[in-house]
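Trainee: Provided below for reference: sequence and predicted model.
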Amino acid sequence: MPDTNDGQLAERLPADTITGPQTLLFAASVGIIVTNLFAPQTLVGLIGPSLGADAASGGLVAMATLLGYAAGLFFLVPLADLAENRALIMRMLLTAALAAGVAAFAPTTASLLIVLFILGAACSAIQILVPIAASMAPLGQDGRVIGDVMSGLMVGILLARPLASLIADAWGWRAFYGVSASALVLLTIVLAVTLPRRQPAAKSGYPALIASLIQLLHDEPVLRRRALTASLVMAAFSLFWTSVALRLALPPFGLGQRGIALFALVGAGGAAVTPLFGRAGDRGWTRSATIACHLMLIGALALAAWAGAAVSATSWWPLVLIGVSAVLLDIGVTGDQTLGRRAINLLQPKARGRLNGLFVGIFFIGGAIGSMLAGIAWAWAGWPAVCSIGAAFGVAALLVDWIAGPSSRRG
């Protein structure tokens, strides 16, 4: 394995050290882009009926963007180790803007699924931006910088649902994609002016680069372990958030799009702890913090199942408890992904694009599976099935922690 410290020193010249405004720019950028991946989760109840899709197939709408994102991570993000990064990001963002604009006018479910897949693939530009920020971090502060940028990512993930619900409530679900297309065009302009150039050192061709993904996965046990747990918790996350809007629309809650938007906004509080997990990793607490995240996720879904069983409209406590469970769930998922991302960014600096592509691609496959299962679970047995399957994913993540044992050196 290459000497990590040498690689870090080569990439982190004083002139390239990230500043506070640059960190904010990276965080805001990934937050804006990622809204496109999770907005469909709260719009499923509107998109499905408007295009003639039933409840079971409605989950495919939420799955399409996540699956496209995973494909982009496997086949587009590795280009970050081959092509100049700023130019690559500009092309991907312009493609995302075009896809979002087309989605606003999609006439059928099939056409929308295709366009959302392309949109998701182009949004994988996020995972080129994050390694750039990590490469500019001062030595020993990888966790802090990644945690700060990830806080923007998680704010975007958590605000995507209330933002989409509010726009849809006012102007319909298609308006969200029109707004998103405009935001992506503006972001492309800003980044074209401010983003530093980054020319990777890799000289191999694209086919060899893609083939190297399998070798990296084989050579790095930390990558395999962290990607697996991230995929499991992401499946639980997508399962919950794709289904909770359906549960909240039913008695005794009876929430409309505006009420669901306010509920989703509560979950955004989980993003506030993202930097804390990055710092925990810097202090060597990765394993204990990861286990705590997985236990929190299981507890959150148990609480959600209990609160969601309420049948009386005379008490507001069940709604509050579901809100608490949403915050706890988001904290658990955020913590696992922040710690996992820090661990894999310390492995091979020259392969950061591919490592991030593998890590995030695998955990977004988990997210796509969770979204798909949401429609099936809801049609099968409703909210109890959703929470039970989500908790099972959390238990599986704990088993991975136990199998890895305290002897693992990194991650």
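Mentor: That came through, no problem.
Trainee: Quick check: closest non-adjacent residue to residue 76.
Mentor: residue 124 (5.4 Å; CB to CB, 6 or more residues apart in numbering). Placement of C-beta: from N, CA and C, glycine included.
Trainee: hang on, the one you found packs against residue 92?
Mentor: Yes - counting by CB atoms under 8 Å, residue 124 touches residue 92, with 7.1 Å between them.
Trainee: tell me, what's touching these two both at once?
Mentor: 72, 76 (CB atoms under 8 Å, 6 or more residues apart in numbering).
Trainee: Of the two, which one has the most company?
Mentor: Ranked by neighbour count (other CB atoms under 10 Å), residue 124 and residue 92 place residue 124 first, with 28 against 24.
Trainee: ok, residue 46 - contacts?
Mentor: Counting by CB under 8 Å, 6+ apart, residue 46 touches 168, 172-173, 257.
Trainee: how about the helix or strand hosting it: buried residues?
Mentor: Taking DSSP states H and E as the definition, residue 46 sits inside helix 20-51. Neighbour-count burial for helix 20-51 flags 22-23, 25-48, 51 (criterion: 16 or more other CB atoms under 10 Å).
Trainee: Tell me which helix or strand comes right after that helix.
Mentor: helix 55-75.
Trainee: For whichever strand or helix holds residue 115, which helices and strands make contact with it?
Mentor: Using DSSP H and E, the element containing residue 115 is helix 109-122. The contact analysis (3 or more CB pairs under 8 Å, 6 or more residues apart in numbering; DSSP states H and E) places helix 109-122 against helix 20-51, helix 55-75, helix 85-103.
Trainee: Mind checking those helices for the one nearest to residue 265?
Mentor: With CB to CB as the measure, helix 20-51 is the member of the helices and strands packed on helix 109-122 nearest residue 265 (11.1 Å).
Trainee: quick one, that closest one and helix 85-103 angle?
Mentor: 20 degrees (axes from the mean of the first three to the mean of the last three CA atoms, to 10 degrees).
Trainee: now helix 20-51: mean pLDDT?
Mentor: Mean pLDDT, helix 20-51: 87.
Trainee: how far does that helix sit from the chain's center?
Mentor: Relative to the mean C-alpha coordinate of its chain, helix 20-51 is positioned 10 Å out (CA atoms, centre = their mean, to the nearest Å).
Trainee: what's in contact with stretch 198-214?
Mentor: Applying CB under 8 Å, 6+ apart, the set of residues contacting stretch 198-214 is 74-75, 78-86, 132, 135, 350-351, 353-354, 357-358.
Trainee: Narrow these to those that are buried.
Mentor: When the contacts of stretch 198-214 are checked for burial by 16+ other CB under 10 Å, the buried set is 74-75, 78-83, 85-86, 132, 135, 350-351, 353-354, 357-358.
Trainee: which residues touch the residue nearest to residue 76?
Mentor: 69, 72-73, 76-77, 92, 357, 360.
Trainee: Quickly check the residues you listed for the two that are furthest apart.
Mentor: 92 and 360 (14.4 Å).
Trainee: Go through the contacts of stretch 198-214 and flag which are in helices.
Mentor: The helices, defined by DSSP state H, take in 74-75, 85-86, 132, 135, 353-354, 357-358 from these.
Trainee: Hmm, which of those residues is lowest in pLDDT?
Mentor: residue 353 (70).
Trainee: who's in contact with that one?
Mentor: Counting by CB under 8 Å, 6+ apart, residue 353 makes contact with 77-81, 127-128, 131, 200.
Trainee: how about the nearest residue to it, chain neighbours excluded?
Mentor: Using CB to CB, 6+ apart, the closest residue to residue 353 is residue 80 (3.1 Å).
Trainee: For the one you found, give its distance to residue 388.
Mentor: 39 Å (CB to CB, to the nearest Å).
Trainee: re the thing from before, output the helices and strands packed on helix 109-122 as JSON lines; include the columns distance to residue 384.
Mentor: Output for these, formatted as JSON lines (distance: least, CB to CB, whole Å):
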{"stretch": "helix 20-51", "distance to residue 384": "19"}
{"stretch": "helix 55-75", "distance to residue 384": "16"}
{"stretch": "helix 85-103", "distance to residue 384": "33"}
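Trainee: What sits closest to residue 144 if chain neighbours are left out?
Mentor: Residue 144 sits nearest to residue 278 (CB to CB, 6+ apart), 5.6 Å away.
Trainee: nope, residue 239 is what I was after
Mentor: residue 370 (4.0 Å).
Trainee: Could you work out the end-to-end span of stretch 246-257 for me?
Mentor: Criterion CA to CA, to the nearest Å; first-to-last residue distance in stretch 246-257 is 11 Å.
Trainee: For that stretch, what is the distance to the chain centroid?
Mentor: 25 Å.
Trainee: got a list of contacts for it?
Mentor: 44-46, 55, 165-166, 168-169, 259-260, 263, 308, 310-313, 318-319, 322, 378, 382-383, 386.
Trainee: Repeat that for stretch 94-110.
Mentor: 33, 36, 51-53, 57, 60-61, 112, 115-116, 118-119, 122-123, 125, 174-175, 177-178, 180-181, 184-185, 188.
Trainee: Show me which of those are buried.
Mentor: 33, 36, 51, 53, 57, 60-61, 112, 115-116, 118-119, 122-123, 125, 174, 177-178, 180-181, 184-185, 188.
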